[in-house]
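K.L.:
Could you work out the structure for the sequence below:
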Amino acid sequence: MINRIRDIRREKKLTLADVAARCVPPTTAQTIGRLETGTRQLSLTWMNRIAAALGVDPELLVRSDETDQPRFIARLGSEGAEALPSVRDAILPTALAGDGDLVVLAVEAPAGLYRAGDQVWLRQFAVESSAKLLNRDVLVPRSGGRFAFGRLIDREGTRVAILPPDPGQRQIVVDNPAWIAAAEMLVRPL
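P.N.:
Take a look at the predicted model:
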């Protein structure tokens, strides 16, 4: 098995000290470095602690030699596409760091800027923290197993107002939703 801690840490632009401080209980950068390089054994306890610090599932920290993992091989800059100094593993969308559960909205018909086949990855938040989500695309549960999706344009008390993505549609007001999920990533097939 190959340890992927360094790849994931670098992909998230974290230092050894950042990961060490995020561990519960905190540890040292030296310990994280030893676990990355394999000079210290990566136990199940350490896998869980480091995975939580990185905001990923523990199984992402290791991979078999035979596993075909998507890899970053090039970058697109102002001068065009160019090779990376070293190939690195791509972190799958399910490994988005942050608090709150991830949910996915499948787009089956075009709506605003969204195309059929798109996947919108959203993170759930408590409604009380929805003020920071103003002017972001959100998914909100409604009664009867329905949902409202669109731009969060207002929040007053327990009510939230959502503007659907298609032009000319009326706002949807949802009173006291169980949660609100903000869009974090768009996955679009080409």
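
K.L.:
how about the strands in the protein?
P.N.:
For the chain, applying DSSP state E gives strands covering 2-3, 62-63, 71-77, 80-89, 102-106, 119-125, 137-141, 147-156, 159-163, 172-175, 180-187.

K.L.:
ok, residue 103 - how many residues close by?
P.N.:
13 (other Cβ atoms under 10 Å). The way it works is simple: take the backbone N, C-alpha and C, and place the C-beta from them, glycine included.

K.L.:
ok, so what distance separates residue 46 from residue 185?
P.N.:
28 Å (Cβ to Cβ, to the nearest Å).

K.L.:
Excluding chain neighbours, what is closest to residue 106?
P.N.:
Nearest non-adjacent residue to residue 106, counting by Cβ to Cβ, 6 or more residues apart in numbering: residue 119, 6.0 Å away.

K.L.:
now swap in residue 108 and tell me
P.N.:
If the residues on either side of it in the chain are set aside, residue 108 comes closest to residue 116, at 5.9 Å by Cβ to Cβ, 6+ apart.

K.L.:
Give me the phi and psi angles of the one you found.
P.N.:
phi -60, psi 130 (degrees, to the nearest 10).

K.L.:
these two touch, right, it and residue 189?
P.N.:
No - assessed by Cβ atoms under 8 Å, residue 116 is found out of contact with residue 189, at 9.8 Å.

K.L.:
quick one, which of those two is more surrounded?
P.N.:
Neighbours per residue (other Cβ under 10 Å) separate residue 116 from residue 189, with residue 116 holding more: 11 against 8.

K.L.:
quick one: contacts for the more buried one?
P.N.:
Residues counted as contacts of residue 116 (Cβ atoms under 8 Å, 6 or more residues apart in numbering) are 107-110.

K.L.:
Please apply the same query to residue 49.
P.N.:
So residue 49 contacts 23-24, 27 (Cβ under 8 Å, 6+ apart).

K.L.:
quick check, nearest of these to residue 168?
P.N.:
Nearest to residue 168, judged by Cβ to Cβ, of these is residue 24 at 49.2 Å.

K.L.:
contact partners of stretch 174-181?
P.N.:
Residues from elsewhere that reach stretch 174-181 (Cβ under 8 Å, 6+ apart): 100, 103, 122-127, 130, 133, 138-142, 148, 152, 158-160, 162.

K.L.:
can you do 7 Å?
P.N.:
The contact list for stretch 174-181 (Cβ atoms under 7 Å, 6 or more residues apart in numbering) reads 103, 122-127, 130, 133, 138-142, 148, 158-160, 162.

K.L.:
buried ones in that stretch?
P.N.:
Neighbour-count burial for stretch 174-181 flags 174, 177, 180-181 (criterion: 16 or more other Cβ atoms under 10 Å).

K.L.:
Thank you, goodbye.
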